[in-house]
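Q: here you go, sequence then predicted model.
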Amino acid sequence: IRDVRDSMASIDSLCLECKGLITDYQEIQKLSVTRTNLPATRRYLGVVFSVPEAVAELRELLARDDANLLVVHKRLSDLARCRDELLYQSRDLPGENKALEVYFRDVEDMTQKLGDKLWFVFGKTLQLAVENPARLVTALRIVEREERMDELAATGAVRIDMSRRPKGYKAKCVNVITRSIDRRFQDLRDHSNQMEAMLENATEVIFDELLMVQEHVMPCFPASYDIFELYFQRFHTRTFHILDDLASLHELATQEVLLLITFSRNYYVYMRKKLGVLKDELKPDLLEGRVEALHATYVSALASKMAQWCGNIIRAEIDEWARTTSNDNPPETDAEGRYITSLPVILFKMLDQQITVASEVNNITFVSEVLRVCGALLSGFLDAWESAINMLARRYFDEGGGGSEEGGAEPPPFFVEYLMSVVNNCHKAKEYGEQLVVRLEQELGPKYTDLVHDHLDDNILNFVSIATVAYRYLVDVCFGDLEPAFGDVFQKRWYAPGNNVMGTIILTFADYFQDYQAHMHHAYFSKVLQESIDRFVVLYVRALVGRRGTIIHQDCAPRMRQDEEAMRGCFEDFVTNPSPENKVMLQIDNRMKIIHQLQEVVCSSTDMFMVHFSALRGMCPDVGVEHMEVILRGRGDVKRGAVNDTMRDMQEAVERSEGPNPNPNPAASALQRSSLTGRPLYGPIFGKIEVRGAKVSIENTAATLAQKLTFKSNFNIFDSEGGGGGNDGQTDESESES
């Protein structure tokens with residue numbers, strides 16, 4: 001072994017020494033390489049000489065719309081492999097290497113054109129996946145072949161030129177698809193001037209196209225591409241940027257904030273339900289870092305907008321009252337014949353929508369703020385609505401006689417019918433409100449229950465107060481027509497044979513009550529009956545004891561008995577359930593007992609006067625000595641001295657019964673109470689009657705109303721120059737929106 005090593009070293013030394021002795025060494029080396037490459041050159045010679053013709057044929061083939069890209073790629077790959085192997089073989093021969101590059105230049109050009117074809121195909125991935133999936137699959141097969149060649153070249157297992165490897169077709173394919181998604185979203189922004197249209201289009205694009213990816217694109221792509229992940233992540237990124245840009249705009253309107261919040265909420269819901277993508281997989285979160293600011297903007301804008309909407313609702317209601325002519329129709333009726341308008345539906349639809357949207361955001365602070373705004377606006381709405389009703393009532397009572405302090409305008413037509421619609425609307429609104437509270441309790445859960453009740457309960461109950469205002473005006477209207485008739489009670493005409501004073505009163509009651517009963521909710525019609533019974537008794541008693549000059553003689557008690565029976569029958573005819581326990585029946589019975597007891601007083605002798613006075617005072621603790629004085633002095637059969645003696649005895653008896661410090665309001669403490677309801681059997685009657693020399697007329701309702709008119713400025717119900725006449729029948733933009 002040592003000898004062999006020595007011999008080899010000697011040979012190497014001799015070879016090195018010989019190299020310097022050969023003068024044509026470079027030429028000999030070149031010749032040696034050429035002879036070595038000659039077999040390979042002869043092997044590729046046929047391919048090399050056919051390159052121009054092959055390229056021309058491939059160019060023609062690629063120009064066709066239906067070109068078989070796999071065939072083109074296969075033949076181009078053969079030419080390229082020939083080129084790369086030749087280049088590898090000539091790597092030490094710069095001249096030949098450069099000549100080969102020039103010679104195969106058309107092959108490289110064709111490769112670029114084939115690539116352009118492929119990128120065009122991938123730019124229309126969604127469309128081709130539906131219309132021509134075979135072409136898309138062909139393009140993907142070419143990409144996969146190139147990827148395998150890149151991997152093989154990277155291993156060094158093949159002896160070819162590596163200057164064009166790796167080509168990275170897969171990365172280019174993904175990049176083309178990504179850019180096509182970006183263009184799709186840019187088109188959305190370029191062709192949508194309004195936020196609503198943009199977000200609607202975005203919803204359609206996102207979910208429709210992602211469903212297409214699931215159903216059509218995924219089967220075409222190899223699993224390694226994770227193509228659905230690529231699409232939905234890119235879609236999400238672009239969606240995030242669109243919403244972020246929109247949220248950064250200044251002075252967003254309520255509707256725009258709502259659109260952003262709603263879109264963001266629905267986006268995650270649809271992603272989960274339609275595509276099976278969970279929120280945790282979608283990063284960054286939509287509207288990240290902007291949610292709180294949007295909530296604040298929304299609440300502020302909502303308060304302003306809802307105030308405007310509420311004002312529009314009331315203005316539209318008033319316009320309907322004030323601008324209706326005698327040739328028009330009264331309000332619409334529901335299936336049960338009750339007068340109604342659209343007010344409660346519009347109002348609670350608005351509230352329901354805003355609270356529902358807020359609740360779906362699932363942020364307790366935001367929901368609390370929206371509930372607070374809704375509660376405050378509902379309270380303001382009720383105040384403004386009551387003021388509007390009072391204003392129209394004042395106009396009706398002021399102008400009802402034909403005069404007008406505002407230029408002689410006629411009173412509002414169908415005033416009574418619209419008052420009935422107010423009563424019915426309030427009843428319906430209360431029902432809607434209670435249903436809304438129950439639904440919110442169920443949908444929002446326990447953590448929101450207190451918020452709902454705190455902000456809504458009291459305001460919903462206040463609809464009963466508005467209904468009370470309206471039905472009392474209905475009673476006012478009825479008794480306004482009765483004022484002349486009550487002026488004749490206990491006067492000469494009342495005693496005249498065949499007089500029809502009480503008949504007029506009964507017919508007037510019947511006329512109004514029939515209309516009220518037909519077109520009002522039964523619960524409030526019962527209240528109208530109760531209010532009318534009380535007022536009738538007060539006015540009847542006032543006619544007897546509330547004015548000097550009352551005529552009382554032997555026919556008074558029989559007349560009063562006839563009036564009592566007639567009025568009892570009149571009221572009982574309108575009681576729907578005339579059972580003894582019925583509240584209205586109880587009230588009729590109790591009030592008629594007062595009139596009956598007054599009959600005893602009127603016809604009583606002076607000896608028994610104190611007895612009947614005490615009995616009356618047991619029913620009505622507010623009856624005073626002065627009231628009895630009117631009766632005694634109106635009787636022609638009682639001498640003045642007897643009157644004075646009786647009055648003195650009554651006064652002493654009252655002082656003894658009440659003590660040195662009489663109760664200033666005996667009606668509040670001494671009223672007999674019902675064992676059924678616990679309420680007073682006889683409400684204050686005489687306390688409402690002031691004895692004075694002049695005739696006591698029905699209270700001036702208009703004067704009273706003038707002190708009640710307080711309008712909420714933020715509702716802007718009326719024009720600055722008009723008292724309620726509106727704007728000549730024209731509605732402004734905010735009205736149209738409402």
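A: Received, thanks. Numbering: from 1, shown residues only.
Q: so Leu259 belongs to a helix, correct?
A: Yes - Leu259: assigned to a helix according to DSSP: H, G, I helix; E, B strand; the rest coil.
Q: I figured it hits Ala197, correct?
A: No - with contact defined as C-beta atoms under 8 Å, Leu259 does not reach Ala197; the gap is 10.3 Å. Yep, even glycine has a C-beta here, placed from its N, CA and C like the rest.
Q: neighbour count winner among those two?
A: Between Leu259 and Ala197, counted using other C-beta atoms under 10 Å, the more crowded position is Leu259 (19 against 12).
Q: for the more buried one, list the residues it contacts.
A: Residues near Leu259 by C-beta atoms under 8 Å, 6 or more residues apart in numbering: Met195, Glu196, Leu199.
Q: of those residues, which is the most crowded?
A: The most crowded member of those, judged by other C-beta under 10 Å, is Leu199 (24 neighbours).
Q: over to Gly289. Which of the three states is it?
A: For Gly289, the secondary structure call by three-state DSSP comes out as coil.
Q: now swap in Gly337 and tell me
A: Taking three-state DSSP, the label given to Gly337 is coil.
Q: which pLDDT does the model give it?
A: On the pLDDT scale, Gly337 is placed at 92.
Q: from Thr449, how far off is it?
A: Using C-beta to C-beta, to the nearest Å, Gly337 is found at 38 Å from Thr449.
Q: Leu188 now?
A: Relative to Thr449, Leu188 is positioned 42 Å away (C-beta to C-beta).
Q: what do you get for Lys74?
A: Separation of Lys74 from Thr449 (C-beta to C-beta): 73 Å.
Q: repeat for His191
A: Taking C-beta to C-beta, one finds His191 at 46 Å from Thr449.
Q: ditto for Glu564
A: Glu564 sits 53 Å away from Thr449, going by C-beta to C-beta.
Q: how about Val654?
A: 55 Å.
Q: of these two, which one has the most company?
A: Val654 (17 against 14).
Q: secondary structure element for the more buried one?
A: With secondary structure defined by DSSP states H and E, Val654 is part of helix 640-658.
Q: next, the buried residues of that helix.
A: Across helix 640-658, burial judged by 16 or more other C-beta atoms under 10 Å covers Ala642, Val643, Thr646, Met647, Met650, Val654.
Q: pretty sure the last one sits against Val623.
A: Spelled out, it's Val654. No - if you go by C-beta under 8 Å, Val654 and Val623 don't touch, sitting 9.8 Å apart.
Q: show me what the longest helix anywhere in the chain is packed against.
A: Longest helix in the chain by number of residues (criterion: DSSP state H): helix 446-488. Helix 446-488 is packed against helix 364-399, helix 415-444, helix 501-519, helix 522-545, helix 701-706, with contacts defined by 3 or more C-beta pairs under 8 Å, 6 or more residues apart in numbering; DSSP states H and E.
Q: a markdown table for these, including mean pLDDT and mean neighbour count?
A: Shown next, in a markdown table, are these (pLDDT from 0 to 100; neighbours: other C-beta atoms under 10 Å):
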| stretch | mean pLDDT | mean neighbour count |
| --- | --- | --- |
| helix 364-399 | 88 | 21 |
| helix 415-444 | 90 | 20 |
| helix 501-519 | 94 | 17 |
| helix 522-545 | 92 | 21 |
| helix 701-706 | 37 | 16 |
